[in-house]
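Trainee: What would the 3D arrangement of this be:
(2 chains)
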Amino acid sequence: MKHRRFKFLLIAIALYLPALAQDQGYFKTGTNMGVQMRLAVPDFKAKPDDPSTAALLKVFNDTLWNDLDNSGIFELASKSFYPTTVPGSPQEINLAQWGGAPVNASLVAFGNLAVNGSEVMVQGWLDDPKNTQNPQVLGKEYREQATEENARKIAHRFADDIIFRMGGGINGVAETKVYFISNRSGAKEVWVMDYDGANQKQLTHLRSIALGPHISPDGSRIAFTGFVAKGTEILMYSVDLGRLVSFPYFPGTNTSPAWSSDGAKLAFSSSMRGDPEIFVTDANGAAPRRVTAFKGPDVQPVWNPKTAAQIIWVSGRTGLPQIYLMDADGGNAQRLTNEGYAVSPSWSPNGQFVAFSWIRHYGPGAPGAQDIYIMDIASKQWQQLTHDGGRNDYPSWSPDGRHLVFQSTRSGREEIWSMLADGSKQHQLTTQGSNTQPDWGSSK
Amino acid sequence: MKQTRTLFTALMMVLLLGACAKKPKPVPPTPPPPPPAPTASLSASPTSVQQGQPVTLSWRTENATDVRIEPGVGKVDLSGSQSVTPQDSSTYRLTATGPGGTQDATARVTVTQPPPQPPQPPQVTESLQDSFARNVHDVYFDYDSYELRPDAQTAVQGDAAWLKQHAEAHLTIEGHCDERGSTEYNLVLGDNRANAVKQALVQAGAPAGQLDVKSYGKEKPFCTESNEQCWQQNRVGHLVLGGGQ
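Mentor: Numbers count the residues shown, from 1 in each chain, chains lettered A, B, ... in the order given. Have a look, this model is predicted:
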């Protein structure tokens, strides 16, 4: 009896395993992660070897390692395996040492950093140590004024050059920005930071309440929600001018603006006619058209980034909020989530997935965990990405589709985190004040 | 020049004559015992007040038959005290008259202007505010709901009745939510709540023109603890006197 039950279990596992493997591959391919190549990144060599160069070199090495480690396409070989002699140029590298055990690298990124007067120059190479005849995959040289900021910038560029070459021609995200809300100045304002949390800067100074920034596809404008004297309105901030530019005020509560991928249209929630509905306007706010017509909350629209012909949004028409999909004119509405409390959709750049925040097992009086999920829109298969407690909300895709940024209370306070689209490499990006509603910009 | 000197000499002589005239004052002849002269004292407390505040005048006299205090008091007891409220700085003068003569005493009271006060709201508004605070009640909601609960009817009927009686009153209905759930979803849920309260009030007979709605979502909670008691306080259609925000 016992033996038979064991046999049954084995068959069940045998049937289940391929399906599981297939599912994971599915999500892996869809998020552009593919097979991870083993990459060695020895510290760059300083020329000359003096203290002023050392400061820049440390910033450069840390940044380059971090960018490549979080790229989603490499497995970084641990530095403890590396040969003791650091190669500063192709003449100095012993390829056999890097390609063989214990490093076993498929690729080596190495080079040197030199400070000449006020200029910093970096030479970087990417070699395939197993191709002894013609190992060089990439050779690059970068020059900038010698500042830590520029050392960081050059590291981002070299990382992105490597990621572009090895990651199927998809641009890296090391030079992209994340827009978010922080209350650290005393009021909720729009802030911006580098994708890795460096260079956090305040943009707006409303001294009121700003919510939910969304950067335009060309990076020139930020649409967000502001509590102003006249009401709760969509406000428009010009990144180029560094100030608010005009956008029409509508009656009622206006919130959660979303740019179409061509930047020509905005969708947002407005109660200008009494009930909160999704409206679509031109990018300047002209010609508002209502596209939903159900009593109850309708909010947080996002456009299909590939076609701009569909909108995913959140509706409370049946009670607790759920994620819905419809044509951009309001037709063919269908529900994507089937239970719990589902909010904050973000559509992946390739159009395949929606990331969202879900309290899947919601029960009376005892809400369950609120975690980030991604769903394959065509099949409605989903995968849970966060498991570490706290309330996790506001996922936003990186332009390469390999990363997500989101907010989490797991540290005890609302802070912004990033992770790879498979849920790995979760890092906290903010530490001062309460930081919420990140939006990953698509341009540099 | 000569004329001036002559004039000066003449003036000096007049002065000297005057002085000399006083000197040989005759000693009075054995007088009959004179009636004792009256004595008087007057004090004010405090000696400095803001306009509109009272001051207490206190006085004592002896050997007087008639005592008057001016300005504004008139005939008073021979000794006593009385409260006065001078509009401006004043010197109160007490005159005590008796068979032995008259004696004066004075007391100075400084009156300062009160600091400029904000214009008093008309009496009507003050009582409107009091009446609002006494009679108008907030409307509470269940989690993730903008449906009015059965127990909200008492508040709604009372609020509507008050609005009908106070056509001059304008109310803003603020929609609030508890901390759970997403920022923007709560913002529109708060909008639905505020509008649900407005509709219920209008259905109960309140004029729609007296009502504004505004959602704060979960941005301005009344209570910041993470428990149901606190969350319930924050799931509310909160009525505020005043409108057009």
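Trainee: Do a quick rundown of the helices in chain A.
Mentor: Secondary structure of chain A (DSSP state H): helices at A:2-30, A:51-69, A:95-99, A:148-166.
Trainee: Lowest average pLDDT across these?
Mentor: Mean pLDDT is lowest for helix A:2-30 among the helices of chain A, at a mean of 55.
Trainee: Enumerate every residue touching the residue in the stretch 51-200 of chain A positioned nearest to chain B.
Mentor: Using CB to the nearest CB, the closest approach of the stretch 51-200 of chain A to chain B is made by A:Lys188 at 7.8 Å. In this view, the C-beta of every residue, glycine as well, is placed from N, C-alpha and C. Each residue near A:Lys188 by CB atoms under 8 Å, 6 or more residues apart in numbering or on different chains is listed here: A:Ile181, A:Ser182, A:Ser208, A:Ile209, A:Ala210, A:Leu211, B:Glu219.
Trainee: Just the buried ones from the residues you listed, in ChimeraX syntax?
Mentor: Buried residues among the contacts of A:Lys188 (16 or more other CB atoms under 10 Å in any protein chain shown), as a ChimeraX selection:
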select /A:181,182,208,209,210,211 /B:219
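Trainee: Let's have the contacts of A:Lys188 in JSON lines, adding distance to A:Gly99 and pLDDT.
Mentor: Shown next, in JSON lines, are these (distance: CB to CB, whole Å; pLDDT from 0 to 100):
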{"residue": "A:Ile181", "distance to A:Gly99": "48", "pLDDT": "98"}
{"residue": "A:Ser182", "distance to A:Gly99": "46", "pLDDT": "98"}
{"residue": "A:Ser208", "distance to A:Gly99": "59", "pLDDT": "96"}
{"residue": "A:Ile209", "distance to A:Gly99": "57", "pLDDT": "97"}
{"residue": "A:Ala210", "distance to A:Gly99": "52", "pLDDT": "98"}
{"residue": "A:Leu211", "distance to A:Gly99": "52", "pLDDT": "98"}
{"residue": "B:Glu219", "distance to A:Gly99": "57", "pLDDT": "95"}
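Trainee: I'd like to know which of the contacts of A:Lys188 is nearest to A:Gln407.
Mentor: Closest approach between the contacts of A:Lys188 and A:Gln407, by CB to CB: A:Ile181, at 9.1 Å.
Trainee: Would you map out the domains in the chain?
Mentor: Chain wasn't specified; assuming chain A. A:2-30+A:177-440, A:37-166 (automatic domain parsing).
Trainee: wrong one, chain B
Mentor: Taken from automatic domain parsing, chain B resolves into B:39-112, B:128-241.
Trainee: looking at these, which is buried most?
Mentor: Of all these, domain B:128-241 has the most neighbours on average by mean count of other CB atoms under 10 Å in any protein chain shown, namely a mean of 19.
Trainee: how close does B:Thr112 sit to B:Thr172?
Mentor: 41 Å (CB to CB, to the nearest Å).
Trainee: can you check B:Lys218 too?
Mentor: Counting by CB to CB, the gap from B:Lys218 to B:Thr172 is 18 Å.
Trainee: what residues are up against the nearest residue to A:Phe353 once chain neighbours are set aside?
Mentor: Nearest non-adjacent residue to A:Phe353, counting by CB to CB, 6 or more residues apart in numbering or on different chains: A:Ile374, 4.7 Å away. Counting by CB under 8 Å, 6+ apart, A:Ile374 makes contact with A:27, A:31, A:348, A:353-356, A:382-383, A:385, A:395, A:404, A:421.
Trainee: Who are the contact partners of the closest residue to A:Asp218 other than its chain neighbours?
Mentor: Using CB to CB, 6+ apart and skipping the chain neighbours, the partner closest in space to A:Asp218 is A:Gly263 (5.7 Å). Each residue near A:Gly263 by CB under 8 Å, 6+ apart is listed here: A:Ser216, A:Pro217, A:Asp218, A:Ala283.
Trainee: hmm, try it at 6 Å
Mentor: A:Ser216, A:Pro217, A:Asp218 (CB atoms under 6 Å, 6 or more residues apart in numbering or on different chains).
Trainee: Kindly export the lengthiest strand in chain B (C-alpha atoms) in CSV.
Mentor: Identified as the longest strand of chain B according to DSSP state E is strand B:101-112. Taking C-alpha atoms only, strand B:101-112 is exported to CSV below (Å, rounded to 0.1, in the frame of the first residue of the first chain):
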residue,chain,number,x,y,z
GLY,B,101,-12.1,124.5,54.2
THR,B,102,-11.5,122.4,51.1
GLN,B,103,-8.9,119.8,50.3
ASP,B,104,-8.2,118.2,46.9
ALA,B,105,-6.6,114.9,46.1
THR,B,106,-5.9,113.4,42.7
ALA,B,107,-5.2,110.1,41.2
ARG,B,108,-4.1,109.5,37.7
VAL,B,109,-5.2,106.5,35.6
THR,B,110,-3.5,105.7,32.3
VAL,B,111,-5.7,103.9,29.7
THR,B,112,-3.9,102.1,26.9
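Trainee: Might one say that B:Val76 is in contact with B:Glu70?
Mentor: No. Contact criterion CB atoms under 6 Å: B:Val76 and B:Glu70 do not qualify, at 10.4 Å.
Trainee: Can you get me a residue count around the residue nearest to A:Val299 when sequence neighbours are not counted?
Mentor: Counting by CB to CB, 6+ apart, A:Val299 lies nearest to A:Ser269, which is 4.1 Å off, once chain neighbours are set aside. Per other CB atoms under 10 Å in any protein chain shown, the neighbour tally for A:Ser269 reads 30.
Trainee: follow-up on the earlier one: now render the domains of chain B as a markdown table, adding distance to A:Arg143.
Mentor: Shown next, in a markdown table, are the domains of chain B (distance: least, CB to CB, whole Å):
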| stretch | distance to A:Arg143 |
| --- | --- |
| domain B:39-112 | 75 |
| domain B:128-241 | 44 |
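Trainee: Roughly how far does the residue nearest to A:Asp218 sit from A:Phe224?
Mentor: Counting by CB to CB, the gap from A:Gly263 to A:Phe224 is 16 Å.
Trainee: cool, and B:Gln199?
Mentor: To A:Phe224, B:Gln199 is 30 Å away according to CB to CB.
Trainee: Then A:Ser442?
Mentor: 17 Å.
Trainee: more neighbours, these two?
Mentor: Using other CB under 10 Å as the criterion, A:Ser442 and A:Phe224 rank with A:Phe224 on top: 28 against 22.
Trainee: Do I have it right that the more buried one meets A:Ser216?
Mentor: No. Assessed by CB under 6 Å, A:Phe224 is found out of contact with A:Ser216, at 11.5 Å.
Trainee: Overlap in contacts, those two.
Mentor: Contacts common to A:Phe224 and A:Ser216, judged by CB under 6 Å, 6+ apart, are absent.
Trainee: Now B:Pro71. Its backbone dihedrals?
Mentor: B:Pro71 adopts backbone torsions of phi -90, psi 150, taken as degrees, to the nearest 10.
Trainee: Spatially nearest residue to it (excluding sequence neighbours)?
Mentor: Leaving aside its sequence neighbours, B:Pro71 sits nearest to B:Ser90 (CB to CB, 6+ apart; 6.6 Å).
Trainee: can you check A:Ala40 too?
Mentor: Per CB to CB, 6+ apart, closest to A:Ala40 is A:Ala105, 3.8 Å.
Trainee: now the one you found: how far from A:Trp125?
Mentor: Applying CB to CB, the value for A:Ala105 to A:Trp125 is 13 Å.
Trainee: which intervals of chain B have sub-threshold pLDDT?
Mentor: B:1-32, B:115-126, B:244-245 (pLDDT under 70).
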